[in-house]
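Visitor: Just the structure for this:
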Amino acid sequence: MTDFFFTYINQLSVVFFIGCFLTSWFKRSDGNNSPRLESLLTSALAAATIPTGLALILCAINPAFVSRLEGINVNLSVAGVVLVFMAVKTVQDGWKGTPSA
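Guide: Got it, this is the predicted structure:
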């Protein structure tokens, strides 16, 4: 199962992206108005990182899987940006004395 997962991780990311984009589009369409592209892309891009997140968890459990992470540079950079953003936001909120939203 893990061999399949790591072999097709990029394809899984694309399936998650398209699936979430279409699902969001259909759920947010009310017949007269089309949803904003930015909101559809935000949801879809977030969904596309789910396979990478799962892969990183598997790599934390078994470091031998790290060598299987090829061609996911964009997803890894998104994960890195999210981690840095969350850390900076948490520190800033701590300095202000207010909890994160």
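Visitor: make it CA atoms for all contacts and neighbour counts henceforth
Guide: Noted.
Visitor: show me the contacts for Val15.
Guide: Val15 is in contact with Ala48, counting by Cα atoms under 8 Å, 6 or more residues apart in numbering.
Visitor: what's the helix or strand for it?
Guide: Assigned by DSSP states H and E, Val15 belongs to helix 9-28.
Visitor: If you count contacts, what does the helix or strand hosting Gln92 end up packed against?
Guide: In the assignment (DSSP H and E), Gln92 maps to helix 73-96. If you count contacts as 3 or more Cα pairs under 8 Å, 6 or more residues apart in numbering; DSSP states H and E, helix 73-96 packs onto helix 50-61.
Visitor: so what secondary structure elements neighbour the helix it packs on?
Guide: In terms of contacts (3+ Cα pairs under 8 Å, 6+ apart), helix 50-61 is packed against helix 9-28, helix 73-96.
Visitor: worst average pLDDT in the ones you listed?
Guide: Least confidently modelled of the helices and strands packed on helix 50-61 is helix 73-96, at a mean of 81 by mean pLDDT.
Visitor: Would you mind extracting the C-alpha trace of it into PDB?
Guide: Extracted as PDB, the C-alpha positions of helix 73-96 are listed here (Å, rounded to 0.1, in the frame of the first residue of the first chain):
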ATOM      1  CA  ASN A  73       9.100  20.100  -4.300                       C
ATOM      2  CA  VAL A  74       6.200  22.500  -4.700                       C
ATOM      3  CA  ASN A  75       4.100  20.600  -2.100                       C
ATOM      4  CA  LEU A  76       7.100  20.600   0.300                       C
ATOM      5  CA  SER A  77       7.600  24.300  -0.100                       C
ATOM      6  CA  VAL A  78       3.900  24.900   0.600                       C
ATOM      7  CA  ALA A  79       4.200  22.800   3.700                       C
ATOM      8  CA  GLY A  80       7.300  24.800   4.800                       C
ATOM      9  CA  VAL A  81       5.600  28.200   4.100                       C
ATOM     10  CA  VAL A  82       2.500  27.100   6.200                       C
ATOM     11  CA  LEU A  83       4.700  26.000   9.100                       C
ATOM     12  CA  VAL A  84       6.700  29.200   9.100                       C
ATOM     13  CA  PHE A  85       3.400  31.300   8.800                       C
ATOM     14  CA  MET A  86       1.800  29.400  11.700                       C
ATOM     15  CA  ALA A  87       4.900  29.800  13.800                       C
ATOM     16  CA  VAL A  88       5.300  33.600  13.100                       C
ATOM     17  CA  LYS A  89       1.600  34.200  13.600                       C
ATOM     18  CA  THR A  90       1.600  32.300  16.900                       C
ATOM     19  CA  VAL A  91       4.600  34.300  18.200                       C
ATOM     20  CA  GLN A  92       3.100  37.600  17.100                       C
ATOM     21  CA  ASP A  93      -0.200  36.700  18.800                       C
ATOM     22  CA  GLY A  94       1.700  35.700  21.900                       C
ATOM     23  CA  TRP A  95       3.400  39.100  22.000                       C
ATOM     24  CA  LYS A  96       0.000  40.800  21.700                       C
END
